[in-house]
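**Q** structure, please.
(2 chains)
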Amino acid sequence: MEEIKRIGSPKDLENLRRRLKLKKRTDKPVISICVSTGCAALGSMKVLEAIKAELEKQGLAEAVNVKETGCLGFCEQGPRLSIHPKDICYFKVKPEDAQEIVSKTVVKGEVVERLLYKDPATGKVARRLDEIPFYRHQVRPLLANNERIDPKSIEDYIALGGYEALAKALFKMTPEDVIEEIKRANLRGRGGGGFPTGIKWETTRKAPGHVKYVIVNCDEGDPGAFMDRSLMEGNPHSVLEGLIIGGYAVGAGEGFVYVREEYPLAAENITNAIRQAEEYGLLGENILGSGFNFKVRVHRGAGAFVSGESSALMNAIEGCIGEPRPKYVHTAVKGVWGKPSCLNNVKTWANVPLIILKGAEWFRKIGTEGSSGTAIFSLVGKVNNTGLVEVPMGITLRDLIYKIGGGIKDGKKFKAVQTGGPSGGFIPEQYLDLPVDFDELYKVGSMMGSGGMVVMDEDTCMVDAARFFIDFLLEESCGKCIPCREGLRLLSRILNEICEGKGVEEDITIIEEIAETMRDASLCALGTTAANPVLTSLKYFRDEWDQHLKAKRCPAKACKALINYYIDPEKCQACQLCRRECPTGAIQGGVDQVHWIEQDKCVKCGSCYEACRFNAIVKISGEPIPPPPPKGTKPVRRRGGR
Amino acid sequence: MGLKLRIDDKDVEAMEGETILDAARKLGIEIPTLCYHEGLEPYGACRICSVEIEKNGRKKIVAACCYPAEEGLNVKTRTPRIDRIRRIIIELAAINVGEDLSGKFLELAAEYKADTSRFLHKVKVEPSKCILCGLCVRRCVEACWDSVIGFVGRGVNRRIVMYPEKASVCSTCDHCHGICPTGRITSIGPDPPFPSIYDVLAGRE
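**A** Reported below is the predicted structural model:
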């Protein structure tokens, strides 16, 4: 029987929701498996197949629901699998575990201990998500539903209250009411700029013209960031619902979803969501019988970081090269094809239904006075727990890194954290207690960005880190304006020279002059912010720069050209391991003869350093290399050695 | 209705849609430009026309060729900060131009006391004499209704080429030749000044 899906009124939507809830309220256990990019790369599709096969084998295929869901953020522990209603969470699941999971946990309700998360710090195991330190300190209004929803199923979303906000906006609020509510909530642009969303919407609404557009910016290109991808892959309807409400509020009849080329699953899921919403009458002509018409198109990017910039993105939508254009007249007034275009980040749109449904007061209670709501960060680098974290604005960097991130890896010392993507600044230890929000980060020379957060430890060279990000931006600059194109080329050259020990003190003056010109005169935000990593590195870690310039020494021992590997004859056990690993045959010595490195042959690849089990290989920088031991020197055998 | 603004302490009235540059020219105040041309849409790429504006008590650097005239705007076209920015932009652009300077670029370098060889030893780039202002490209598209030449590449790899399939269409109108601020385009016609896209891809430029 062909089911008529089209929902004609808010009442129909409520009825459907009630039916769906009843249907889902069975005693059937549910196994939900993350099939987002992170877990899929770790083999979650194979786990899924194995679970299905095992259920089939044990005759439970009908009795258990298997659900493919989105990302929960703790990707390094993937593939993740949860079993409801007990909410037991398993990590690092392999296809071989399927038999045990089904026969023990599903049938008998027993827990498979070895698949539970074990806190490396305390050794405590956690059965449920909220028992894991990584999750305990998070507040997750945006990401929480990723676990409960099959991103390909609109019914899952509707059952959990989806599109209720849309019905409320269309039938109980005028467009002005919607804008007022967003303004009162103090929602600020989650793409990084932090511009008040309500004011942007109002600008577009008041801009002259009948044809207006609303656009989702999903061109997230920061190295190591995947917040927008996870939302788009895991809960595309929440973004779509926000967009439709936005379209209603600003008076747009059409919306675009700009998805970067590198996110195929995100594009697939949002395309599917749009098709389903059309089938259900939540998109298209006369939405829910309100008389409001709205359609959405997906636009795939072509692989340029700079296309995330609003005017470049709009150029790309028009079919032109994704290059920024002068925008002293805001894109909210003159955007795609010269029409008023309201562009917001994925996370901004996803916040909209929550605000409409729960109210501005609810939203303002989360976060700080100036920055309401939650922020999603992609916490990566030298922390114990890496992944996506959603926290209230105003949490301190220390809590983020130590409570949620579990502190620095291998007991090393914290050095700096970079927020805001490649053009964010480095924040040193003295600011660890800084509350994280739009305004505070700006004050110390960094920014919120779209939520990248890279933690660096004592082994990171801050000159080298600045070089890395400048080189990234050099690759990604569109090359249109002179300060950005040539400034980055010059900065990159100078930084590379300093890292190679060829820097001169005059370089600092040049860097500062170039940085000033880039900040003041570049065409778009890529250029104006590009020098942030260099400037903050200079400001907070000047000593490291001086060491590179004057002593030709890299204190963190990270700059290849400035270090040498050396084998400590006191510690070497002549085990030959490093000799076998060395790709250039630079390591001399032999059986029962202490090894030494022939420096001329050494390419400083670090293979020997990784291979040595006796910590005999050391990196030295800026000091003379001790001469090799006399030929035939016997190793000093350690007691208890192998 | 005219918009009243102040440029270098002189009052001027501008029409809706005019830029700071337009208003300044009415006063006879010279703001240097490289990528600007009266007959073409402002492009905002060279940034040499940067000026300082004061708005709501905050100072900001903007490109005069694109920034629309606003009521009550206070503009300064020559301050130490602006001169420094212009000097560095010329020095940066010189990376591409090389030491063989000519035309408007040479005049500007002299006026702003730019050391055009300052960065040449730092960045070893084969000078192409082209600062990628895009005037020739836009002239070709906007004024001649054709695009025989265009940009390829991104960032420091950006360059201007003649599209091979269009090479025969080039009407040798000479407009690109006349508009070039650095004297890069020296010849027209059968021996095109631009390498074809095939040459670029094959590294034969």
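**Q** for chain B, see how far away the closest residue to A:Pro435 other than its chain neighbours is.
**A** Counting by Cβ to Cβ, 6 or more residues apart in numbering or on different chains, A:Pro435 lies nearest to A:Gly394, which is 4.4 Å off, once chain neighbours are set aside. For every residue, glycine as well, the C-beta is placed using N, CA and C. Applying Cβ to the nearest Cβ, to the nearest Å, the value for A:Gly394 to chain B is 26 Å.
**Q** residues from chain B in reach of chain A?
**A** Contact residues (Cβ under 8 Å from any Cβ of the partner chain) of chain B with chain A: B:42-48, B:50, B:61-63, B:66-68, B:81, B:84-85, B:88-89, B:92-93, B:95-96, B:119, B:122-123, B:125, B:131-132, B:134, B:151, B:153-158.
**Q** quick one, which of those residues are buried?
**A** Listed as buried from the residues of chain B next to chain A are B:42-48, B:50, B:61-63, B:66-68, B:85, B:88-89, B:92-93, B:95-96, B:119, B:123, B:131-132, B:134, B:151, B:154-156, B:158; burial here means 16 or more other Cβ atoms under 10 Å in any protein chain shown.
**Q** just the ones of those residues in strands?
**A** Among those, the members found in strands (DSSP state E) are B:Ser50, B:Ile61, B:Val62, B:Ala63, B:Phe151.
**Q** which of those lies closest to A:Ser477?
**A** Among these, B:Phe151 lies closest to A:Ser477 (Cβ to Cβ), at 13.6 Å.
**Q** can you pull the contacts of that closest one?
**A** Taking Cβ atoms under 8 Å, 6 or more residues apart in numbering or on different chains, we find B:Phe151 in contact with A:Ile321, B:Leu132, B:Gly134, B:Val137, B:Arg158, B:Arg159, B:Ile160, B:Val161.
**Q** mind doing that once more with 10 Å?
**A** A:Ile321, A:Glu323, A:Cys478, A:Gly479, A:Lys480, B:Leu132, B:Gly134, B:Val137, B:Arg158, B:Arg159, B:Ile160, B:Val161 (Cβ atoms under 10 Å, 6 or more residues apart in numbering or on different chains).
**Q** surely the fourth one is within a helix?
**A** So that's A:Gly479. No: with DSSP: H, G, I helix; E, B strand; the rest coil as the criterion, A:Gly479 is located in coil rather than a helix.
**Q** any idea how far it is from chain B?
**A** In terms of Cβ to the nearest Cβ, A:Gly479 sits 3 Å off from chain B.
**Q** which residue does the stretch 51-200 of chain A have closest to chain B?
**A** Residue nearest to chain B within the stretch 51-200 of chain A: A:Ile199 (15.1 Å; Cβ to the nearest Cβ).
**Q** for that residue, helix, strand, or coil?
**A** helix.
**Q** was I right about it contacting A:Gly193?
**A** No: counting by Cβ atoms under 10 Å, A:Gly193 is not a contact partner of A:Ile199; they are 11.9 Å apart.
**Q** and these two? which has more neighbours close in?
**A** Using other Cβ atoms under 10 Å in any protein chain shown as the criterion, A:Ile199 and A:Gly193 rank with A:Gly193 on top: 17 against 13.
**Q** so what pLDDT did the spatially most central residue of chain B get?
**A** Residue closest to the average C-alpha location in chain B (Cα atoms, centre = their mean): B:Cys35, at 2.0 Å. Per-residue pLDDT puts B:Cys35 at 93.
**Q** list the contacts of it.
**A** Counted by Cβ under 10 Å, 6+ apart, B:Cys35 has contacts A:480-482, B:42-49, B:63, B:65, B:131-135, B:138, B:181.
**Q** again, 8 Å this time
**A** B:Cys35 touches B:Tyr43, B:Gly44, B:Ala45, B:Cys46, B:Ile48, B:Cys65, B:Cys133, B:Gly134, B:Leu135, B:Pro181, counting by Cβ under 8 Å, 6+ apart.
**Q** out of those residues, name the ones that lie in helices.
**A** Judged by DSSP state H, the subset of these located in helices is B:Leu135.
**Q** farthest pair within the contacts of B:Cys35?
**A** Top of the distance list for the contacts of B:Cys35 (Cβ to Cβ): B:Gly44 and B:Pro181, 15.2 Å.
**Q** run the chain-centre distance for stretch B:19-31.
**A** Offset of stretch B:19-31 from its chain centre (Cα atoms, centre = their mean, to the nearest Å): 16 Å.
**Q** so what pLDDT did the residue nearest the centre of chain A get?
**A** Centroid-nearest residue in chain A, with Cα atoms, centre = their mean: A:Ala225, separated by 2.6 Å. On pLDDT, A:Ala225 comes in at 89.
**Q** flag the shaky bits of chain B, pLDDT-wise.
**A** B:1, B:143-145, B:171-172, B:186-205 (pLDDT under 70).
**Q** show me the helices in it, by range?
**A** B:20-26, B:80-97, B:103-111, B:135-138, B:175-179, B:197-201.
**Q** just to revisit the earlier point, pretty sure the residue nearest to A:Pro435 contacts A:Asp433?
**A** No: judged on Cβ atoms under 8 Å, A:Gly394 makes no contact with A:Asp433 at a distance of 11.7 Å.
**Q** okay, those two: which has more neighbours?
**A** A:Gly394 (18 against 10).
**Q** brilliant, that's me finished.
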